[in-house]
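Student: Mind looking at a prediction? Sequence and model below.
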Amino acid sequence: MIEIYYTYQPVDSESFTRFILARYYNIPNAEICKTINGKPYVKNDKVYFNASHSKGLLALAVGKSEVGLDIESFSGKPRPAVLAKFSAREKYEIVTTADFYTHWTARESYIKYIAGSLAALWRRVEYYGNEIYFLGKAVNVPLMQFTLDGYSFSVCGNFSKYTLRKIEKLPENR
């Protein structure tokens, strides 16, 4: 089970992560560290998380094993520079704006799942036929995708179910 918390409140991802970890996971004052590629983790704890934000929405996925999360708002237009970086197989499947963001978030959630860097791995990852491929081979990592309020969500990790929890109010002194 993966739990996804989200908010439209103005807050930075680290403050939101600390709030969620303290309130729902009994980890007050979590020491948040980052891997060499910037993936955050809690020092000396077995909780895994990943955050993403897009046009006023911040989301945080939390679970008991590695997770990668990416969200994108459908309100933008597909970016030609990014579209050009998709493979021919992916471009064949990208017909609508929603398709574009579904492919984009799938790729990025996998790269975040493996704690990679977008710059180094973008062209090595593909998403087509509802599968993620790394270096031309299908990966055996589940990908959950859904839309919410005009956003595309992709969650990569060994989870078969998710729960969504909207956070309406955050503490004043964040």
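Tutor: Good, I have the coordinates.
Student: contact partners of stretch 6-17?
Tutor: 5, 19, 30, 32, 40, 49, 51, 53, 56-60, 148, 164-170, 174 (CB atoms under 8 Å, 6 or more residues apart in numbering). For every residue, glycine as well, the C-beta is placed using N, CA and C.
Student: Let me see the ranges of the strands in the protein.
Tutor: Here the chain has its strands, by DSSP state E, at 2-7, 32-34, 40-42, 48-54, 57-63, 67-73, 125-128, 131-134, 137-138, 143-148, 151-157, 162-166.
Student: Provide the partner residues of the spatially closest residue to residue 113 that is not a sequence neighbour in its beta bridges.
Tutor: Of all residues not flanking residue 113 in the chain, residue 68 sits nearest, at 2.9 Å (CB to CB, 6 or more residues apart in numbering). Beta-bridge partners of residue 68, counted by DSSP bridges, are residue 156.
Student: In terms of pLDDT, where does the most centrally placed residue in the chain sit?
Tutor: By CA atoms, centre = their mean, the chain has its centre lying nearest to residue 69, at 1.4 Å. Confidence at residue 69, expressed as pLDDT, is 98.
Student: helices and strands of the protein: which one has the lowest mean pLDDT?
Tutor: Every helix and strand of the chain was ranked by mean pLDDT, DSSP states H and E. The lowest is helix 80-83, at a mean of 84.
Student: Show me what that helix is in contact with.
Tutor: 91, 94, 100, 104.
Student: Sort out which one of the residues you listed lies nearest residue 124 for me.
Tutor: Among the contacts of helix 80-83, residue 104 lies closest to residue 124 (CB to CB), at 15.3 Å.
Student: Now for the closest one, how many residues are close by?
Tutor: Neighbours of residue 104 under the rule other CB atoms under 10 Å: 23.
Student: Does it touch residue 70 like I think?
Tutor: Yes - under the criterion of CB atoms under 8 Å, residue 104 makes contact with residue 70 at 7.5 Å.
Student: Determine the number of other residues adjacent to the closest residue in space to residue 104 that isn't next to it in sequence.
Tutor: Sequence neighbours aside, residue 72 is the residue nearest to residue 104 in space, at 5.9 Å (criterion: CB to CB, 6+ apart). Using other CB under 10 Å, residue 72 has 22 neighbouring residues.
Student: can you pull the contacts of residue 72?
Tutor: 54, 101, 104-105, 151-152.
Student: Perfect, I'm done here.
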